[in-house]
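Engineer: Need a 3D model of the sequence below.
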Amino acid sequence: MCGIAGWIALSGLPPDARAIAEKMNDEHARRGPDGSGVWLSRYAVIAHRRLSVIDIDNGDQPMLSPAPAGAEPRLALTYNGELYNYQELRRELSSRGHHFRTSSDTEVVLTAWAEWGVRAVEHFNGIFAFAVWDNREETLWLVRDHLGVKPLHYHHDGDRLIFGSEAKSILAHPDVVTAVDEDGLRQLVLPLLKFPGTNPYRGISEVLPGQLLEFSRRGVRTSRYWDIRDFIGRPTETDNLADAVERLRSLLDDTVARQTIADVPLCTFLSGGLDSSAVTAIANGLPGRGGVSSFSVDFTDAAGSADSRSALDRRYAREAADHIGSLHSNIVLDSSLLAGGDVRDATVRARDLPNGFGDLDTSLLLLCRAVREHATVALSGEAADEILGGYLWFHDPRAVWAQTFPWMADSPAHGYLHQRVLDTIDPDLARALRLDEYLRDEYATALGGLSFDPALSKEERRHREIIYLATSYFLPMLLDRNDRLSMASGLEVRVPFCDHRIVEHLVTLSQGIHNAGGREKGVLRDAVRDLLPVGVLERKKSPYPTTPDPDYSHRLEEHVAAVLADPPDGLGDIFAARVLAPGQVTDSARSHGLVSNFEGEVVLNFASWLRQYSPKLAI
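Structural biologist: Residues are numbered from 1 along each chain as shown. Purely as a prediction, here's the structure:
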């Protein structure tokens, strides 16, 4: 995994283009601590930061296509990701007469592009975001993986296009202004939604999952090589539970086997939940892979507690690890570090934005830092809930039939967080942003592009609508969070449930098969029943844990008081006066088992962002 950046100026690059590209590239230093490179031509400058995972001694980037001595190469590639089927593609390309200088998947991507052009992506299985500059055609291509696991942003202005893995690299370009308009503010105060193709910073867009973007003298053109909507409305693949279970298990076995290929230490995240336990069990059972390392998160104060979420995770993770045979470690985080301003600043910097979730973010960052001391690659169970209907809002009729994004109507969980954020916003700003109208329009737009097999019942159509909303508007928020906080630690996280073949299979199964046995994700439980202990198999879904340490609350109050004593410019324009009044942001009750100290967390995140980025706000 890496960070990519660059820009194309079709009227010609300025003399300081390399220096600018190096500055943009430096913004990705944490994503790629093992190497740095910049390539320059008349119209294009391409940059890369490398985290070495495959073919450590080779595979440096940008990578150029072979060319005669003294001649410019036709293709230049900067690539972030992992191609899980690169070995098969390498053999196929070799049979077509291509010769390889390295054993890296990067060279396979470049060679496949030289052989098939844009249709190369139809051959790819992996997570990736890359840019290919065609020197002869004077054309740039930006490409993103099927589910959008790896980020890719761009800024288009006339005959110029600037791109980068993260917004911070684009904002480092001197001609890009760090500004947030009304649409951006709406996104910032709706943190449980990630609107496809957008970014809160004015003028910065995101390449969509499964999208190809072409930039040339003809302008910008986009197309989709993969779209979940093409599968969501299809007839039910099978009504036979045994067939669905067998197919899912086969795909999981193949996917995890592919995703354990690495030339560096590899591990898994193991919370003791169904999804991470399934991934860990399959990885541990691979030939030559016995005794895979697994890690879970815990907090200093939870060691003697039997009822905190982290304590439950610790118990189930140990039960799963003992049954599976993984080499398990429980990473205990110091709550005083979680509350520290340095860690908060680092999480905001990693995400480029303030709409994080307090100690959920800081604990994930610290967990990734700790795991990075032992491994460079980690496998995660992320995404199973979105494609299999694992959340309450897939089942609670109030959320299922709400005329909005279901998780925002799920009052015991995510809907509560949504309302808590809105309650902190300045009332005049909230009215000016017309958030209810904005949400209605976005919801209608989201569903407007869907069509279904007429044989599907009303209930089946709605189930698939929610899967689409979850994978297109909710999962991207989680994937972005995981990528940013892990890569800020130099840790690559792979997500087996985001393999597009698994998604294609699962979204065309009936709700009854998803919930086989009367349990959410029943088809997955049946698929891995032989691998896991009964307690883990039957465990109810548990949210990512937060620290229950009261000292965390006290430290947070101190930080809030310090910020309110000397607030950064713009803070008073965003938040309600009552929130910013001294002594008003105190330890909030952990209602419904959610994040404690919520108002204080939100204020501190925005204050950190305003200090670090100094954005121009449309307020």
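Engineer: where in the stretch 151-300 of the chain is pLDDT low?
Structural biologist: Within the stretch 151-300 of the chain, no range satisfies pLDDT under 70.
Engineer: do the same with the chain
Structural biologist: For the chain, the stretches flagged by pLDDT under 70 are 1, 55, 301-309, 356, 410-417, 582-596.
Engineer: any idea which helix or strand comes after the longest helix seen in it?
Structural biologist: Longest helix of the chain, by residue count under DSSP state H: helix 241-259. Going down the chain from helix 241-259, the next helix or strand is strand 266-269, by DSSP states H and E.
Engineer: And for that next one, what's in contact with it?
Structural biologist: Strand 266-269 has contacts (C-beta atoms under 8 Å, 6 or more residues apart in numbering) with 260, 276, 279-280, 283, 292-296, 326, 371, 374-381, 493. Bear in mind the C-beta positions are built from the backbone N, C-alpha and C, glycine included.
Engineer: didn't residue 118 look like it was pressed against residue 211?
Structural biologist: No: using C-beta atoms under 8 Å, residue 118 makes no contact with residue 211, being 11.4 Å away.
Engineer: the more surrounded of these two?
Structural biologist: Taking neighbours as other C-beta atoms under 10 Å, residue 118 and residue 211 compare with residue 211 leading, 23 against 14.
Engineer: Please state the backbone phi and psi of residue 142?
Structural biologist: phi -110, psi 130 (degrees, to the nearest 10).
Engineer: Any buried residues in the longest helix of the chain, and which?
Structural biologist: Buried residues in helix 241-259, defined by neighbour count with 16 or more other C-beta atoms under 10 Å: 241, 244-245, 247-249, 251-252, 254-259.
Engineer: now do stretch 571-579
Structural biologist: 571, 574-576, 579.
Engineer: Quick one: the strands in the stretch 201-350 of the chain, in order.
Structural biologist: Counting by DSSP state E, counting those that start in this stretch, residue ranges of the strands within the stretch 201-350 of the chain are 205-206, 211-216, 219-224, 266-269, 293-299, 327-333.
Engineer: Quick check: which helices or strands does the fifth one pack against?
Structural biologist: Translated: strand 293-299. With contacts taken as 3 or more C-beta pairs under 8 Å, 6 or more residues apart in numbering; DSSP states H and E, strand 293-299 sits against strand 266-269, helix 309-324, strand 327-333, helix 359-372.
Engineer: give the contact list for residue 64.
Structural biologist: 39, 73, 75-77 are the contacts of residue 64 under C-beta under 8 Å, 6+ apart.
Engineer: now do residue 604
Structural biologist: For residue 604, the contact set (C-beta under 8 Å, 6+ apart) comprises 344, 556, 559-560, 563.
Engineer: Make sure I have this right: it is in a strand.
Structural biologist: No: read with DSSP: H, G, I helix; E, B strand; the rest coil, residue 604 is helix and lies in no strand.
Engineer: And for residue 94, the neighbour number?
Structural biologist: 12.
Engineer: how about the buried residues of helix 241-259 in a markdown table, adding distance to residue 445?
Structural biologist: Listed next are the buried residues of helix 241-259 as a markdown table, based on distance: C-beta to C-beta, whole Å:
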| residue | distance to residue 445 |
| --- | --- |
| 241 | 35 |
| 244 | 32 |
| 245 | 36 |
| 247 | 33 |
| 248 | 32 |
| 249 | 37 |
| 251 | 31 |
| 252 | 33 |
| 254 | 36 |
| 255 | 32 |
| 256 | 36 |
| 257 | 39 |
| 258 | 35 |
| 259 | 34 |
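Engineer: any idea how far the longest helix of the chain is from the chain center?
Structural biologist: Centroid separation between helix 241-259 and its chain, computed with C-alpha atoms, centre = their mean, to the nearest Å, is 23 Å.
Engineer: Give me the helices and strands touching that helix, please.
Structural biologist: Under the contact criterion of 3+ C-beta pairs under 8 Å, 6+ apart, helix 241-259 touches helix 274-284, helix 500-506, helix 522-527.
Engineer: Of all those, which one is nearest residue 86?
Structural biologist: Residue 86 lies closest, by C-beta to C-beta, to one member of the helices and strands packed on helix 241-259: helix 500-506, at 15.9 Å.
Engineer: In that closest one, which residues are buried?
Structural biologist: By 16+ other C-beta under 10 Å, the buried positions in helix 500-506 come out as 500, 502-506.
Engineer: out of those, which one sits closest to residue 424?
Structural biologist: Ranked by distance to residue 424 (C-beta to C-beta), these are led by residue 503 at 35.4 Å.
Engineer: So the closest one sits against residue 232, correct?
Structural biologist: No: contact criterion C-beta under 8 Å: residue 503 and residue 232 do not qualify, at 9.7 Å.
Engineer: who does the residue lying closest to residue 371 once chain neighbours are set aside bridge with?
Structural biologist: The shortest distance from residue 371 to any non-neighbouring residue, by C-beta to C-beta, 6 or more residues apart in numbering, is to residue 295 (5.1 Å). For residue 295, the beta-bridge partners under DSSP bridges are residue 269, residue 329.
Engineer: now residue 295: how far from residue 329?
Structural biologist: Shown here: residue 295 relative to residue 329, a distance of 5 Å by C-beta to C-beta, to the nearest Å.
Engineer: quick check, nearest of the buried residues of helix 500-506 to residue 428?
Structural biologist: Once C-beta to C-beta is applied, the member of these that ends up nearest residue 428 is residue 503, at 42.6 Å.
Engineer: For that closest one, which non-adjacent residue is spatially closest?
Structural biologist: residue 387 (5.6 Å).
Engineer: measure the one you found to residue 472 for me?
Structural biologist: As judged by C-beta to C-beta, residue 387 and residue 472 stand 11 Å apart.
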